[in-house]
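J.: just a sequence and a predicted model for now, questions to come.
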Amino acid sequence: MNKTALSVLALVLVAVLPAPSLAQSVQLAPVVAEPVQETVHLDGVIEAVQQSTISAQTSGTVVALPVDVDDSVAAGDLIVRLDDTEQRARLSQARASVEEAVSGLQDAQQQFDRVEAIYERRLVSRQEFDRALNSLNAAQARVERARAAVDEAREQLDYTRITAPYGGIVTERHVEIGEAVNPGQPLISGLSLEQLRVVVDLPQQYADMARKQRQATVTLSDGRVLQTGDMTFYPYASLDTHTFRLRLQLNEPNGTLFPGMLVKVEVPVASRDSLWIPASALVRRSELRAVFVMNDQDQPRLRQIRTGVSHGDRLEVLSGLGEGEQVVSNPATLVGSEQLALPGDQSGEE
């Protein structure tokens with residue numbers, strides 16, 4: 001900006017801004033050089049860490065569906081019940097087989113005891129003794145097999161009552177009452193709200209820096225910043241979008257966050273040196289951006305600057321100032337002051 005434009009700006013400030021009180025004084029702040037992080041803003045999606053589809057582990061007909069879509073369930077709640085007639089019959093058969101095997105074991109044990117006593121007196125051959133011992137071992141094996149069959153039959157019976165593996169919400173129901181199901185067939189889908197995370201797709205040109213920095217800020221639409229935990233980078237890019245997936249663990253699920261919500265994810269991707277001044281030091285009039293800088297005679301002089309990003313109560317300066325220069329952080333106090341050096345003053349800077 002030329003001197004004439006700056007002079008006009010200074011005069012406009014004198015006309016517009018109110019006159020200062022005697023109690024007001026000029027406050028100075030140095031131009032500080034500090035690095036600034038360049039970030040990329042991306043859209044992320046909240047998803048549940050625990051989300052699964054429960055499938056049938058035995059065959060049967062659906063006889064009860066106590067829950068529906070969007071219902072809340074606690075861990076261990078019944079969500080599907082199958083007809084258990086066939087499973088109960090198999091369990092009864094298995095238990096009867098155990099009783100039969102135990103009876104056979106008792107008979108084999110008695111036979112072995114008799115043969116062993118006679119064998120010790122050398123009244124039977126070694127062959128008869130071995131046959132009695134083998135019969136006893138076979139009877140013991142039949143008992144073990146029968147008991148294992150009981151355990152399996154009991155397990156198949158338990159499979160007719162499907163319970164929730166964790167507390168959460170039902171998201172989809174794949175069967176209806178009266179349908180026949182087989183092992184592996186999907187029954188109920190659900191998710192838990194206790195553990196949530198944010199998933200975002202990162203363009204490949206930012207992947208290396210983001211992986212080194214391992215920092216990200218997640219913000220809701222209302223401006224609230226969410227606390228995040230572990231960060232996971234997928235070790236491969238998507239074949240369709242050529243982006244890398246980034247996953248952030250959320251540390252504060254509090255009932256207001258739900259899977260499918262959109263969030264803003266700010267990821268640092270570069271670092272550069274920059275100059276900073278208090279945001280209150282900036283003088284704005286139309287397209288003009290300027291600050292009052294103290295000259296060699298300790299007089300404030302208006303100088304045009306080019307600004308960058310703002311961070312809190314600080315403003316980045318791209319050009320027009322140097323590190324260590326003193327700027328007026330409360331420029332309104334200069335209006336009407338004898339300390340004000342306008343651009344046309346001969347005592348100030350050129």
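T.: That came through fine.

J.: strands along the stretch 151-300 of the chain, start to end?
T.: Taking DSSP state E, counting those that start in this stretch to define them, one finds strands in the stretch 151-300 of the chain at 161-163, 168-173, 180-181, 186-191, 196-203, 217-219, 225-226, 228-237, 243-250, 262-278, 283-285, 288-294, 300-304.

J.: need those strands in JSON lines with mean pLDDT and mean neighbour count, can you?
T.: All C-beta spots, glycine's among them, are computed from the backbone N, C-alpha and C. What follows is the strands of the stretch 151-300 of the chain, written out as JSON lines (pLDDT from 0 to 100; neighbours: other Cβ atoms under 10 Å):
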{"stretch": "strand 161-163", "mean pLDDT": "94", "mean neighbour count": "16"}
{"stretch": "strand 168-173", "mean pLDDT": "93", "mean neighbour count": "17"}
{"stretch": "strand 180-181", "mean pLDDT": "94", "mean neighbour count": "16"}
{"stretch": "strand 186-191", "mean pLDDT": "94", "mean neighbour count": "20"}
{"stretch": "strand 196-203", "mean pLDDT": "92", "mean neighbour count": "20"}
{"stretch": "strand 217-219", "mean pLDDT": "88", "mean neighbour count": "16"}
{"stretch": "strand 225-226", "mean pLDDT": "86", "mean neighbour count": "16"}
{"stretch": "strand 228-237", "mean pLDDT": "86", "mean neighbour count": "13"}
{"stretch": "strand 243-250", "mean pLDDT": "90", "mean neighbour count": "19"}
{"stretch": "strand 262-278", "mean pLDDT": "86", "mean neighbour count": "17"}
{"stretch": "strand 283-285", "mean pLDDT": "84", "mean neighbour count": "15"}
{"stretch": "strand 288-294", "mean pLDDT": "88", "mean neighbour count": "22"}
{"stretch": "strand 300-304", "mean pLDDT": "88", "mean neighbour count": "22"}
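
J.: can I get those in CSV including distance to M209?
T.: Output for these, formatted as CSV (distance: least, Cβ to Cβ, whole Å):
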stretch, distance to M209
strand 161-163, 47
strand 168-173, 37
strand 180-181, 51
strand 186-191, 33
strand 196-203, 10
strand 217-219, 15
strand 225-226, 21
strand 228-237, 12
strand 243-250, 12
strand 262-278, 5
strand 283-285, 34
strand 288-294, 30
strand 300-304, 34
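
J.: out of the ones you listed, which comes closest to V26?
T.: Nearest to V26, of all those, is strand 300-304, at 6.9 Å by Cβ to Cβ.

J.: could you point out the helix or strand that follows the closest one?
T.: strand 306-311 (DSSP states H and E).

J.: now the angle from that next one to strand 288-294?
T.: Orientation check (axes from the mean of the first three to the mean of the last three Cα atoms, to 10 degrees): strand 306-311 against strand 288-294 gives 90 degrees.

J.: and strand 306-311, what's its mean pLDDT?
T.: Mean pLDDT, strand 306-311: 85.

J.: which parts of that strand are buried?
T.: Using 16 or more other Cβ atoms under 10 Å as the test for burial, strand 306-311 gives T307.

J.: give the other helices and strands that it contacts.
T.: strand 32-48, strand 314-319 (3 or more Cβ pairs under 8 Å, 6 or more residues apart in numbering; DSSP states H and E).

J.: so what's the residue count around Q215?
T.: Number of residues near Q215 (other Cβ atoms under 10 Å) recorded here: 13.

J.: roughly how far does the nearest residue to it once chain neighbours are set aside sit from T217?
T.: Closest residue to Q215 apart from its sequence neighbours, by Cβ to Cβ, 6 or more residues apart in numbering: P268 at 5.4 Å. Distance, P268 to T217, using Cβ to Cβ, to the nearest Å: 9 Å.

J.: identify the contacts common to these two.
T.: T39 (Cβ atoms under 8 Å, 6 or more residues apart in numbering).

J.: looking at the strands of the stretch 151-300 of the chain, spot the one closest to V69.
T.: For V69, the closest of the strands of the stretch 151-300 of the chain is strand 168-173, at 5.5 Å, according to Cβ to Cβ.

J.: list the buried residues in stretch 138-154.
T.: A139, R142, V143, A146, R147, A149, V150, A153.

J.: which one of the helices and strands packed on strand 306-311 lies closest to D273?
T.: Checking the helices and strands packed on strand 306-311 against D273 by Cβ to Cβ gives strand 32-48 as the closest, at 5.6 Å.

J.: out of the helices and strands in the chain, which is least certain?
T.: Ranked by mean pLDDT, DSSP states H and E, the helix or strand of the chain with the weakest confidence is helix 3-16, at a mean of 47.

J.: any idea which helix or strand comes after that one?
T.: Next along from helix 3-16, by DSSP H and E: strand 28-30.

J.: before we move on, back to that, which of the helices and strands packed on strand 306-311 sits most buried?
T.: Greatest average neighbour count among the helices and strands packed on strand 306-311 goes to strand 314-319 (a mean of 17), per mean count of other Cβ atoms under 10 Å.

J.: low pLDDT regions in the chain?
T.: Along the chain, segments meeting pLDDT under 70 span 1-24, 253-255, 335-350.

J.: nearest to E194, of the helices and strands packed on strand 306-311?
T.: Closest among the helices and strands packed on strand 306-311, using Cβ to Cβ: strand 32-48, at 8.8 Å.

J.: same for the one helix or strand N134 maps to, what does it pack against?
T.: Per DSSP H and E, N134 falls inside helix 126-158. In this structure, helix 126-158 makes packing contacts with helix 85-120, judged by 3+ Cβ pairs under 8 Å, 6+ apart.
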